[in-house]
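A.B. asks: return a 3D structure for these sequence lines:
(chains A, B, C and D)
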There are 2 protein chains.
Amino acid sequence: MKDIQHDSWARLGPLELQEGATAQSLVYATLRHALISGYFRPGEEISLRKVASVLETSVTPVREALRRLEGDGGLETFGGNRVLRVPILTDAELIDIRDIRVNLEGFAATQAIKRIGPAQMRVINNAFNLMHTAAKIGDVDMYLENNWRFHSLIYRAADRPILMSQIKGLWLRVGPLMRIAVAAPMHFDQSMASHCAALQALRNGDPDALRQAIIHDISEAASDLGKALRNGVLQK
Amino acid sequence: MKDIQHDSWARLGPLELQEGATAQSLVYATLRHALISGYFRPGEEISLRKVASVLETSVTPVREALRRLEGDGGLETFGGNRVLRVPILTDAELIDIRDIRVNLEGFAATQAIKRIGPAQMRVINNAFNLMHTAAKIGDVDMYLENNWRFHSLIYRAADRPILMSQIKGLWLRVGPLMRIAVAAPMHFDQSMASHCAALQALRNGDPDALRQAIIHDISEAASDLGKALRNGVLQK
DNA sequence: TCATCCAAAGTGTGATCTCACTTAAATTTC
DNA sequence: GAAATTTAAGTGAGATCACACTTTGGATGA
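C.D. replies: Numbers count the residues shown, from 1 in each chain, chains lettered A, B, ... in the order given. I've put the predicted structure just below:
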């Protein structure tokens, strides 16, 4: 039986062709954003023709985009039919990702803090404030969006494109799970405490404090997620 | 004018179809191995139809494999014609990759050392010995192959698939440059000194010493590479 | 001799079609 | 009514074709 309640495709529309961009790259960007933002749930199957139909393009660019996402770990093939689906991560993989994030995002944070000027500080502050109000009113979508903005704005300041792409790849993997982690009791408070500490460290220009705050945030989220998954949230 | 001296495709042959493996995945694996092993030189152009012709398959699976490699950073599109070529890394990118490697491979090493048993120790020792004799007789191919074996065998022991894939992705980027780094004066001696220290640390079960040895190896190689590139090795 | 133009070859891109295979539903059979 | 079988629909994989575009080589001109 199909899940009528939750239509993952509702927020996706026809592809807007742009000068100089291939259809494949647009499909990739669209689906990648959808995955990071948690539009799709772990285990959900993604079919070539379905995507091609929703995005109003042929199957060729879709296949290339899906293949690329598979390579990134954002999708996985499943069963003898090689159907693509959003990965269902094991405990070991969650720990794996958490530790890589601790290393890379911690490093990115220390590199970034030297280069953050008042202009960047303003947009980071803005993301923080939006995240704060989102937590207050309980708007999960708004919270997740600005959570990613807050983190990525910091890392972007490190001006290391390859490091940035690696970090993005990790968020692609955890994106579909973020919605679950956020639902944990007290998650908003814990997470915002970490973000607050990070902001303070940024103001003080203290690289190690920033790194610790980021690491704490990642670890807390992973912990909440692990608990939720062990409680069988995904089975429902 | 074509470069007659160096035929990158000589070591590549028709695809050997395997049960359960798609043509696309075989093309990907083949080209990825070729890149890591340094068959192609930085800046070399890779054409869809050329690959399809050499591997004796159609253009469809080749395109998907190349697209995946592009996503991995192993290839890049260049010019208005979107021609694919082996990336020419900038100084900043080299530093970026070096620092990510220091973080990830250092971490992988510390995680691995707890789990390395006598069986793994034997194959690692074997790789070390082969690398040693390769350095003695100056066989670059043999050296590079066993250098990768030595490192990857250690990291594999950490039993973290995602971390492993990230590290592989970094080696994919530096693969085409390894041949240049190895050509630096005294590189073999310096590198083998690091590997020797790593082996000793493995025997002693000393995680921090292992980590330091790995980091030293990576840093030395990056340094040699930087010098060589600044001397304009690639212009020739 | 040099610059300009033009045609031919080569490039990736995207759409379409066939195929082998799997999954799910409907039908038949007992 | 339940189980086994058959049928239909859906899946990804791969080949091929047409297209727009860039690059290149040669011919033509001054």
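A.B. asks: quick one: A:Asp99 and B:Leu163 touch, right?
C.D. replies: Yes - counting by C-beta atoms under 8 Å, A:Asp99 touches B:Leu163, with 7.4 Å between them. (Glycine included, C-beta is placed from N, CA and C.)
A.B. asks: what is the neighbour count of A:Gly90?
C.D. replies: Quick fix: residue A:90 reads Thr, not Gly. Neighbourhood size, A:Thr90 [other C-beta atoms under 10 Å in any protein chain shown]: 11.
A.B. asks: how about the one 4 residues further on?
C.D. replies: A:Leu94 sits with 18 neighbouring residues when counted by other C-beta under 10 Å.
A.B. asks: A:Gln18 too?
C.D. replies: By the other C-beta under 10 Å criterion, the neighbourhood of A:Gln18 contains 10 residues.
A.B. asks: what's the longest helix anywhere in chain A packed up against?
C.D. replies: When chain A is scanned for its longest helix (criterion: DSSP state H), the result is helix A:207-230. Helix A:207-230 sits against helix A:91-112, helix A:140-156, helix A:161-182, helix A:187-204, with contacts defined as 3 or more C-beta pairs under 8 Å, 6 or more residues apart in numbering or on different chains; DSSP states H and E.
A.B. asks: which positions in the second one come out as buried?
C.D. replies: It refers to helix A:140-156. Across helix A:140-156, burial judged by 16 or more other C-beta atoms under 10 Å in any protein chain shown covers A:143-156.
A.B. asks: tabulate these (TSV), appending distance to B:His216 and pLDDT.
C.D. replies: What follows is the buried residues of helix A:140-156, written out as TSV (distance: C-beta to C-beta, whole Å; pLDDT from 0 to 100):
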residue	distance to B:His216	pLDDT
A:Tyr143	43	93
A:Leu144	41	92
A:Glu145	42	91
A:Asn146	41	94
A:Asn147	37	95
A:Trp148	36	94
A:Arg149	38	94
A:Phe150	36	97
A:His151	31	97
A:Ser152	32	96
A:Leu153	34	97
A:Ile154	30	98
A:Tyr155	27	98
A:Arg156	30	97
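A.B. asks: just the closest of these to chain B, please.
C.D. replies: Nearest to chain B, judged by C-beta to the nearest C-beta, of the buried residues of helix A:140-156 is A:Tyr155 at 12.4 Å.
A.B. asks: excluding chain neighbours, give the residue nearest to the closest one in space.
C.D. replies: Nearest non-adjacent residue to A:Tyr155, counting by C-beta to C-beta, 6 or more residues apart in numbering or on different chains: A:Ala108, 4.3 Å away.
A.B. asks: so what's the residue count around the one you found?
C.D. replies: A:Ala108 has 28 neighbours, counted by other C-beta under 10 Å.
A.B. asks: A:Ala127 versus that one, what's the distance?
C.D. replies: As for A:Ala108, its distance to A:Ala127 is 16 Å (criterion: C-beta to C-beta, to the nearest Å).
A.B. asks: got it, and A:Gly205?
C.D. replies: A:Gly205 is 19 Å from A:Ala127, by C-beta to C-beta.
A.B. asks: looking at those two, which is more packed in?
C.D. replies: Shown here are A:Gly205 and A:Ala127; by other C-beta under 10 Å, A:Ala127 has more neighbours (22 against 11).
A.B. asks: give the other helices and strands that the helix or strand harbouring that one contacts.
C.D. replies: Under the criterion of DSSP states H and E, A:Ala127 resides in helix A:118-137. Where contact means 3+ C-beta pairs under 8 Å, 6+ apart, helix A:118-137 is packed against helix A:140-156, helix A:187-204.
A.B. asks: hmm, A:Leu66 is touching A:Ile46, no?
C.D. replies: Yes - counting by C-beta under 8 Å, A:Ile46 is a contact partner of A:Leu66 at 6.8 Å.
A.B. asks: what is in contact with these two at once?
C.D. replies: Common neighbours of A:Leu66 and A:Ile46 (criterion: C-beta atoms under 8 Å, 6 or more residues apart in numbering or on different chains): A:31, A:75, A:84.
A.B. asks: what about the second one, how many neighbours?
C.D. replies: By that I understand A:Leu75. As a burial measure, A:Leu75 scores 24 neighbours (other C-beta under 10 Å).
A.B. asks: what comes up buried for stretch A:11-18?
C.D. replies: A:12, A:15.
A.B. asks: go on, stretch A:164-178?
C.D. replies: Within stretch A:164-178, the residues that count as buried by 16+ other C-beta under 10 Å are A:164, A:166-167, A:169-178.
A.B. asks: and it with chain B, contact?
C.D. replies: Yes - applying C-beta under 8 Å from any C-beta of the partner chain, one finds that stretch A:164-178 is in contact with chain B at A:165-166, A:169, A:173.
A.B. asks: and the residues you listed as TSV, adding pLDDT and distance to DNA strand D?
C.D. replies: As requested, these are exported to TSV (pLDDT from 0 to 100; distance: C-beta to the nearest atom of the strand, whole Å):
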residue	pLDDT	distance to DNA strand D
A:Ser165	96	24
A:Gln166	97	26
A:Gly169	96	21
A:Arg173	96	20
